[in-house]
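Visitor: Quick one: sequence and predicted model below, then my questions.
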Amino acid sequence: AQTVTQSQPEMSVQEAETVTLSCTYDTSESNYYLFWYKQPPSRQMILVIRQEAYKQQNATENRFSVNFQKAAKSFSLKISDSQLGDTAMYFCAFTVAGGYQKVTFGTGTKLQVIP
Amino acid sequence: DSGVTQTPKHLITATGQRVTLRCSPRSGDLSVYWYQQSLDQGLQFLIQYYNGEERAKGNILERFSAQQFPDLHSELNLSSLELGDSALYFCASSVDQLANTGELFFGEGSRLTVL
């Protein structure tokens, strides 16, 4: 069974600064996807970024980037130039590539961006 | 707007009652997932359907059941409700499993309060 662990229940960052959220996972699979989802106070779950395990290059989406360490089974999210709108719960998620695979979520990190 | 529609958005009921939550996936998506999010908790996977058939089951209680209909909408039935069932119930959908990239598209959730 796959597990996803987020060891930081809460974090805070000053506006315009950079913050890194940690995530580790456990799997015996070789081909899978990793995700970071954002849940703002509106509670809508929004995909932030996705990483395919077979790609060595770290994914980047504007101010969001990941540090994917496959051997270490680590998948951290870096938010640069933090904005007030980044305040949200952030969930790390994992799914095995291929059909019929459920997505497993971590317990989340609550990020507060301070003005 | 993710394209996933959940109704009702809010529901208040009493212990012992039964409720039905409804989900319409994005147009073209064949997979529907149900997740439960209790207060300040992560997302717990309940069940997945693909094109009308159950594909994966998580920590879903025997008091809960779900189905996916021929038009691909899904319903989650919760019966003999207990106080601990109070939670946000998310429905998510994904593309055809042959092209599965793992990304889930979430509805806005149904907030269930059991008094």
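Guide: Perfect, thanks for sending it.
Visitor: The residue most central in space within chain B and chain A: what is the separation?
Guide: Residue closest to the mean C-alpha point of chain B, counted by C-alpha atoms, centre = their mean, is B:W34 at 3.1 Å. In this view, B:W34 and chain A are 11 Å apart by C-beta to the nearest C-beta, to the nearest Å. In this view, the C-beta of every residue, glycine as well, is placed from N, C-alpha and C.
Visitor: So that residue is in contact with B:S93, correct?
Guide: No: using C-beta atoms under 8 Å, B:W34 is not in contact with B:S93; the gap is 10.7 Å.
Visitor: Give the residues shared as contacts by those two.
Guide: Overlap of the contact sets of B:W34 and B:S93 (by C-beta atoms under 8 Å, 6 or more residues apart in numbering or on different chains) consists of B:C23.
Visitor: Quick check: pLDDT value at residue 77.
Guide: Since you didn't name a chain, this refers to chain A. What the model reports for A:L77 is a pLDDT of 98.
Visitor: wrong one, I was asking about chain B
Guide: On the pLDDT scale, B:N77 is placed at 98.
Visitor: Count the neighbours of it for me.
Guide: By the criterion of other C-beta atoms under 10 Å in any protein chain shown, B:N77 has 13 neighbours.
Visitor: Ok, B:A14 next?
Guide: Neighbours of B:A14 using other C-beta under 10 Å come to 9.
Visitor: now swap in A:Q69 and tell me
Guide: Using other C-beta under 10 Å: A:Q69 sits among 12 other residues.
Visitor: ok, for it, nearest residue in space, not its chain neighbours?
Guide: What sits nearest to A:Q69 in space, not counting adjacent residues and going by C-beta to C-beta, 6 or more residues apart in numbering or on different chains, is A:F75, at 7.6 Å.
Visitor: Quick one: low-confidence residue ranges for chain B.
Guide: Applying pLDDT under 70 to chain B picks out residues B:40, B:96-100.
Visitor: actually chain A, not the one I typed
Guide: A:99-100.
Visitor: How about the residues of it by chain B?
Guide: Residues of chain A lying close to chain B by C-beta under 8 Å from any C-beta of the partner chain are A:32-33, A:35, A:42-47, A:50, A:91, A:95, A:97-108.
Visitor: Out of the residues you listed, which sit inside strands?
Guide: Of the residues of chain A next to chain B, the ones assigned to strands by DSSP state E are A:32-33, A:35, A:46-47, A:50, A:91, A:95, A:104-105.
Visitor: show me what contacts B:T7?
Guide: Counting by C-beta under 8 Å, 6+ apart, B:T7 makes contact with B:21-22, B:110.
Visitor: and if we set it to 10 Å?
Guide: By C-beta atoms under 10 Å, 6 or more residues apart in numbering or on different chains, the contact list for B:T7 reads B:20-24, B:91, B:107-108, B:110.
Visitor: Quick one: distance of stretch B:3-19 to the chain centre.
Guide: Mean C-alpha position of stretch B:3-19 versus that of the full chain (C-alpha atoms, centre = their mean, to the nearest Å) differs by 10 Å.
Visitor: Show the end-to-end separation of it, please.
Guide: From its first residue to its last, stretch B:3-19 covers 23 Å (C-alpha to C-alpha, to the nearest Å).
Visitor: Go through it and flag the buried ones.
Guide: The neighbour-count check on stretch B:3-19 (16 or more other C-beta atoms under 10 Å in any protein chain shown) flags B:4, B:6, B:11, B:13, B:19 as buried.
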